[in-house]
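>>> Fold the following for me, if possible:
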Amino acid sequence: MKIHPRSRSVAVLAIGLLLSPTILLAATKEQMHEEMAQLAEEMRQLKPSIAGDPTAAASYNTKAVRYRQISAALGGDEPVASGAAPAAGGPPTEGTSPTPPAGCTATTTTFTQSTPVAIPTGPAVVTSTVVVSGVGTYLWDANLLTNITHTFAADLDMTIQSPAGTVVTLSTDNGAGNDNVFNGTDWDDDANPAGQVPYTTNSGLASDHAYVNLTLASPLVPEEALAAFIGENPNGTWTLTVSDDLAGDGGSIASWSVEVTTFPSAPTNGANTVVTQSTPVAIPTGPAVVTSTNTVAGGPTAICGITVDTTITHTFSADIDMTLMSPTGTVVTFSTDNGAGNDNTFNGTAWNDDANPLGQVPYTTNNGVTTDNAYVNLTTATPLVVEEALGAFLGENANGTWTLTVSDDLAGDGGSIAAWTLTLTPCTCAVLADSSITKTDGLTNATPGQATTYTITVSNAGPNPDPAANVVDNFPAGFTGATWTCVGAGGGTCTANGAGNINDTANLPSGGSVTYTVNGTVGLAFVGVLSNTATVTAGPGITDPNTGNNSAQDDTTVASAASVSGTKTVSGDFTEGGAIQYTVVLSNASASAQLDNPGDEFTDNVPATVTVTGASATSGTAAFLGNTVTWNGSIPGNGSVTITIDATINAGTLGQTISNQGTINFDADGNGTNESTTSTDDPAAGGQLDPTDLIVGGNALEIPTLSPLGLALLMLAMAAAAWAVLRRRRTV
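Here you go, the predicted structure:
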């Protein structure tokens, strides 16, 4: 138990001057510790009487000055605490770690320095380092193991410094004159979960432990909170500093280890829950124990941060011992016997594990650390690191009743718990995994019946694993006979093979992947765009912050080659005014139907030398406007359609050649582009049918009808002609 009494009169200074430092140095350290323990007991007995008895007050002050002088000569040592000794010996225990918040993956790794460093007889300061590497960048918990041999342990002051420069005090002037009490100590914020005031000793708490000579004190909560390191990047050099503040004893840092529990990345903090108890509770003159409660509802289910503010008035602060108990029963000591005889030093104190980031030994006082703060009368000491560690509450469910207990362990002074406030911070790990997927079949175009292979790769680029990522690919109707195999890389695993659609669970460690190879065939009757999408979603309890890369689509254009061809013939009366008929046959040599085009599949601009009188087709729609004939429709697989155009030949076309050719514009796969074909009757996309020519012939000879006179004259003319022929023959 630490005793820091306050001088109550200026007269004690004169008494102090009568005490010679030479007398102090002549005694052994053990004798000086024994005298301090005797003085502490005598002051405890005198204290109830000093308010009304001047003689008792003077005696008390004389002993207080002597006590402080001895402590200063010993480098700040306190007397060995009385009480039952802890069990001796035994191997060191491994440190504990708070329960991680929801979704956070914690990894614990230990790093050791085994090269000894001698601690010479003091005053002296030595250091030893450990390099931490390859662990997560967010520190959730830190524990230490020290194998330090040293006679007269109270000579030792020890700190640990993180790579970020934060310094935490492990112990100053603890252990009294006992030897080797830190030879195997585990330093852990969670080492003492149940030490409730009032108590005389509290084994497990460095400042209140009942030390025994040559007996390991382990585990111990350090004087300052290791929770001050939470949130830092632990990778780098950690430094253990040991200050031996008095001559006469030495030892060695034989070895030491730092155990870090980390997350791959920082969790996300939620909104704080703040609860205040403002109903005052009187603290009567002691001995007395009082409590005050705060109820939390709707608070964090896993505490990631906690601070406490107290408004406590009390004369002679060293009378006060304070603890806080969580709803789960964990008890943390705020202060025992600190503040000396000063009044109201905790009247507005903010208790925070991060209150003192830089107090490096050797030091005499260290403001911010409850056990080493330089208290001043009627001055609030704030902020302070509690004597135990608020970090002991991390990971717990905050909901329920919290209890602040104040023990006034001596008579003569009183006060009040005027108010106190809890501030609780929740957090979750929002970034766990980053699964992504890619997909390709290596084809831009295909034909019905063609074999096709899809390659689907799912990977995790996130810092944490996803042990149950769901991979889905529902293949389109135009892709048949799907079978697939799957292989993993980088620790990734999946179902080895399957058939049909994929609905698989893949184990994806950070940096791991799985690849599915899918074999199938384009359907014989399918022509169009074969569109296929694969997706991956995070497994149960896993958060994927980047879902933009969780699906992949592959499109393949399927068209039949050399599918459409056409012929065109003409028949009828090839004379002026004659009726003619063009017959166009469009044939589909493919097994799949040729799809409708957004426009017209066939167009014929009939020459102006004829007049179109009608248009029809065996399927689809044929129409004409003026001399422009169109047809729109589809052609079944291995089928055809016949288009008939009726027309008449215009007058004035005798002897002319009428040449006519139609244009095929077939979009076979429906993608908006006319496909080419190798048919000689269908040269190229938009190509024309071979010309169909006709020559317009003359009219038949007309024979007129004659009267009887005309017939007689005709006969005379014919007779005359015949006579002339006969005369020529006779002459010859």
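
>>> so what's L508 up against?
433, 435, 458-460, 465-467, 469, 492, 514 (C-beta atoms under 8 Å, 6 or more residues apart in numbering). Bear in mind the C-beta positions are built from the backbone N, C-alpha and C, glycine included.

>>> What of P264?
P264 neighbours (C-beta under 8 Å, 6+ apart): 105, 136-138, 463-464, 510.

>>> Can you say which of those residues are buried?
Those of those that meet the buried threshold are 105, 136, 138, 463-464, 510, by 16 or more other C-beta atoms under 10 Å.

>>> from the residues you listed, which two are the most distant?
Distance extremes for these: the farthest pair is Y138 and S510 at 14.8 Å, using C-beta to C-beta.

>>> that older thread, and of the contacts of L508, the nearest to G614?
When the contacts of L508 are ranked by distance to G614 (C-beta to C-beta), V458 comes first, at 61.7 Å.

>>> Give the partner strands of the helix or strand hosting the closest one in its sheet and their orientations.
Using DSSP states H and E, V458 falls within strand 451-460. With DSSP bridges as the test, strand 451-460 is paired with strand 435-440 (antiparallel), strand 513-522 (antiparallel).

>>> So which bits of the last one are buried?
I take that to be strand 513-522. For strand 513-522, using 16+ other C-beta under 10 Å, the buried residues are 513-516, 518, 520-522.

>>> List the contacts of S326.
If a contact means C-beta under 8 Å, 6+ apart, then S326 has 393, 396, 398, 400, 402 as its contacts.

>>> so which pair among those residues is furthest apart in space?
Greatest spacing in those, by C-beta to C-beta: F393 and G400 (12.1 Å).

>>> who's more crowded, the two?
For F393 versus G400, the count of surrounding residues by other C-beta atoms under 10 Å is larger for F393: 26 against 15.

>>> Now do the more buried one against W420, distance only.
Taking C-beta to C-beta, to the nearest Å as the measure, F393 and W420 are separated by 15 Å.

>>> Now do the same contact list for G449.
When contacts are counted by C-beta under 8 Å, 6+ apart, G449 is found next to 521-524.

>>> gap between it and T557?
15 Å.

>>> same question, Q45
Distance of Q45 to T557, given as C-beta to C-beta: 100 Å.

>>> Mind checking which of these two has more residues around it?
Under the neighbour definition other C-beta under 10 Å, Q45 and T557 were set side by side, and T557 has more, 18 against 11.

>>> tell me which strands and helices the helix or strand just after the strand holding V458 is in contact with?
The helix or strand immediately downstream of strand 451-460 is strand 466-473, counting by DSSP H and E. On a contact count with 3 or more C-beta pairs under 8 Å, 6 or more residues apart in numbering; DSSP states H and E, strand 466-473 meets strand 435-440, strand 451-460, strand 502-508, strand 513-522, strand 528-537.

>>> A489 versus T295, what's the distance?
Taking C-beta to C-beta as the measure, T295 falls 53 Å from A489.

>>> which SS class is the residue nearest to N269 when sequence neighbours are not counted?
With sequence-adjacent residues excluded and distances taken as C-beta to C-beta, 6 or more residues apart in numbering, N269 is closest to C427, at 4.8 Å. At C427 the chain is in strand, as set by DSSP: H, G, I helix; E, B strand; the rest coil.

>>> Make sure C427 is actually in contact with S265.
No - using C-beta atoms under 8 Å as the test, C427 is too far from S265 to be in contact (11.9 Å).

>>> Quick check: closest non-adjacent residue to P101.
Nearest non-adjacent residue to P101 (C-beta to C-beta, 6+ apart): A302, at 4.1 Å.

>>> What's the local residue count around the one you found?
With neighbours defined by other C-beta under 10 Å, the count for A302 comes to 19.

>>> contacting residues around L156?
Counting by C-beta under 8 Å, 6+ apart, the residues that L156 touches are 119, 148, 150, 171, 173, 175, 182, 242-245.

>>> how about a cut-off of 7 Å?
150, 171, 242, 244 (C-beta atoms under 7 Å, 6 or more residues apart in numbering).

>>> beta partners of it?
Beta-bridge pairing of L156 under DSSP bridges involves D244.

>>> where's it relative to T172, distance?
When C-beta to C-beta is applied, the distance between L156 and T172 equals 8 Å.

>>> Check T129 too.
From T129 over to T172 (counting by C-beta to C-beta), the distance is 21 Å.

>>> Give the residue spans of the stretch 101-250 of the chain that score low on pLDDT.
Across the stretch 101-250 of the chain, no stretch falls below the confidence threshold (pLDDT under 70).

>>> tell me the strands in it, going along the chain?
Taking DSSP state E, counting those that start in this stretch to define them, one finds strands in the stretch 101-250 of the chain at 107-113, 117-119, 124-132, 138-150, 156-161, 167-172, 183-187, 236-244.

>>> Select, out of those, the one closest to L216.
Put simply, out of the strands of the stretch 101-250 of the chain the one that sits nearest L216 is strand 183-187, at 4.9 Å, with distance taken as C-beta to C-beta.

>>> Quick one: distance of the closest one to the chain centre.
Centroid separation for strand 183-187 versus its chain: 36 Å, with C-alpha atoms, centre = their mean, to the nearest Å.

>>> returning to that earlier point: could you identify the pair within the contacts of P264 that is furthest apart?
Greatest spatial distance in the contacts of P264: Y138 and S510, 14.8 Å, computed using C-beta to C-beta.

>>> which residues touch T515?
455, 457, 486-487.

>>> er, T537 actually
Remark: with contacts taken as C-beta under 7 Å, 6+ apart, T537 is in contact with 470, 550.

>>> Do you know the pLDDT at it?
As summarised for this prediction, T537 has a pLDDT of 90.

>>> Please apply the same query to E601.
Confidence per residue is given as pLDDT, and for E601 that number is 78.

>>> what about it, neighbour count?
The burial count assigned to E601 is 26, neighbours taken as other C-beta under 10 Å.

>>> how close does it get to V584?
Distance of E601 to V584, computed by C-beta to C-beta: 11 Å.

>>> How about S459?
With the distance defined as C-beta to C-beta, S459 ends up 56 Å from V584.

>>> swap in N180?
Using C-beta to C-beta, one obtains 110 Å as the distance from N180 to V584.

>>> The two: which has the busier surroundings?
Neighbour count, other C-beta under 10 Å: between N180 and V584, V584 has more, with 24 against 19.

>>> May I have the residues that are in contact with the more buried one?
Under the criterion of C-beta under 7 Å, 6+ apart, the neighbours of V584 are 566, 568, 602, 643, 662.
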